[in-house]
Each structure stands twice: as structure tokens, then as C-alpha cells.
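[1] Sequence and predicted structure are below.
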Amino acid sequence: MGIENTSINEKQSKTVRMTVNGESCEFVVGVDLDESETLAHFLREHLGLTGLKVACDEGACGACTVIMDGRAVFSCMSLAIEADGHEILTVESLKLDDPLVQAFADQSEPGYGTAMQCGYCTPGFVMNAKVLLKNNPEPTTNEIKESISGHICRCGCYSAIEKAIQHAAEKCRGGENL
């Protein structure tokens, strides 16, 4: 019986340390967060980072995409405790003059439309595209389509989103940093 209580107490007193948008954070499991809490819920509800959206809550839409250690991840499919020791970037980490943010905001070419009709899915697309362009600064149209294939835009702005990512890639090739 004493062993069971010890393991429960150890579980509850576990400290989770992560870096979120450049700031070191420390949380105690069972006090600051529940061990079954998703990273998406934790970031939104505890840290107030509401740029990421939770639409499906089952990893099917991409609206909750964040960057963890340089990889795009669906934060609704990760537990907050799994972020222990990791670096997390949310859309709030991006500056307004970021070439990718600007490309999404500026995209409204005839024949392609706007990349941000309602904007609900935009943070997920932007964070995913950030990783794509960091790893592949000159993606083909097919590589862009493949990269965003796990994301859903309910407004159907896919061609404009692809165009915005292409424009961001062009800006970066022109010397602007992501």
C-alpha cells in the first residue's frame, strides 16, 4: 500500500519544464496541469495563447499546429507532459512583419482568392508552412500541397494558401528571414 501511495505522490509532484515562445516555463503535474491535459488545451487555457485553434480535437484538421523542436505537431494530439524538455513555438511567436505572416495577409490575387477568409485555420497553416520553408526554402507546388494535406480550410482557400506559401518562399529567397 505504501508503494502505491509513493508512486502516486511522485507522479503528482513531477515538474514539467518547457520553453514556450522563447520563455522558460515550469509546471507541476497535479497542481498546474493535469497529466491527461493536451498541449493545445494547456497552451490556450493556462498560458493564454489562443492563436492556435482547437477545431476537431482529434488531429484531423491542423488548426492546433505548433512547432515543437523544429517540427510541426498537432497540439491536440500531444499531452502537455510530453512537452517536458522541449521548445514550443506558437503563432504568437511570429512578428507581424514575418514574411510568411505578410504573405498570408497580402494574398488576394485574382484567380486564387484570399489566404485568410475566416482566418480560423490560418495559424495552423502558417506554423506548418514555417517548418516547410525552414526545411525546404524552394518547395514545388506539389511539395506545398503535400505539406498542407493534413490541414482543413473550411472556406476552401487552398489555392490561395498555396500561393501565399510560394510568395513567402520567394521573399525568403530574396533575403528576408523566416
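    Structure's in. What do you need?
[2] how near is the spatially most central residue of the chain to residue 76?
    Nearest to the mean C-alpha position of the chain, by Cα atoms, centre = their mean, lies residue 66 at 1.8 Å. Look at residue 66 and residue 76: by Cβ to Cβ, to the nearest Å, they are 10 Å apart. Yep, even glycine has a C-beta here, placed from its N, CA and C like the rest.
[3] Quick check: neighbours shared by the two?
    By Cβ atoms under 8 Å, 6 or more residues apart in numbering, residue 66 and residue 76 have these common neighbours: residue 39.
[4] In the protein, where is pLDDT below threshold?
    For the chain, the stretches with pLDDT under 70 are 1-12, 178.
[5] For the residue nearest to residue 29 when sequence neighbours are not counted, give its distance to residue 46.
    Distances taken as Cβ to Cβ, 6 or more residues apart in numbering place residue 14 nearest to residue 29, at 4.4 Å, with adjacent residues excluded. For residue 14, the distance to residue 46 equals 16 Å [Cβ to Cβ].
[6] what residues are up against residue 88?
    18, 19, 20, 21, 39, 43, 66, 67, 68.
[7] okay, now the residue nearest to residue 29: neighbour count?
    Residue 14 has 14 neighbours, counted by other Cβ atoms under 10 Å.
[8] Now it: phi and psi?
    Residue 14 adopts backbone torsions of phi -60, psi 130, taken as degrees, to the nearest 10.
[9] residues contacting it?
    Applying Cβ under 8 Å, 6+ apart, one finds that residue 14 lies in contact with 28, 29, 30, 35, 81.
[10] which ones are touching residue 78?
    Counted by Cβ under 8 Å, 6+ apart, residue 78 has contacts 38, 39, 40, 68.
[11] give me that answer again for 7 Å
    Going by Cβ atoms under 7 Å, 6 or more residues apart in numbering, residue 78 touches 38, 39.
[12] try residue 63
    53, 54, 55, 120, 121, 124.
[13] hmm, try it at 10 Å
    By Cβ atoms under 10 Å, 6 or more residues apart in numbering, the contact list for residue 63 reads 40, 52-57, 74-76, 120-125, 151-154.
[14] do residue 143 as well
    Per Cβ under 10 Å, 6+ apart, neighbours of residue 143: 132, 136, 165.
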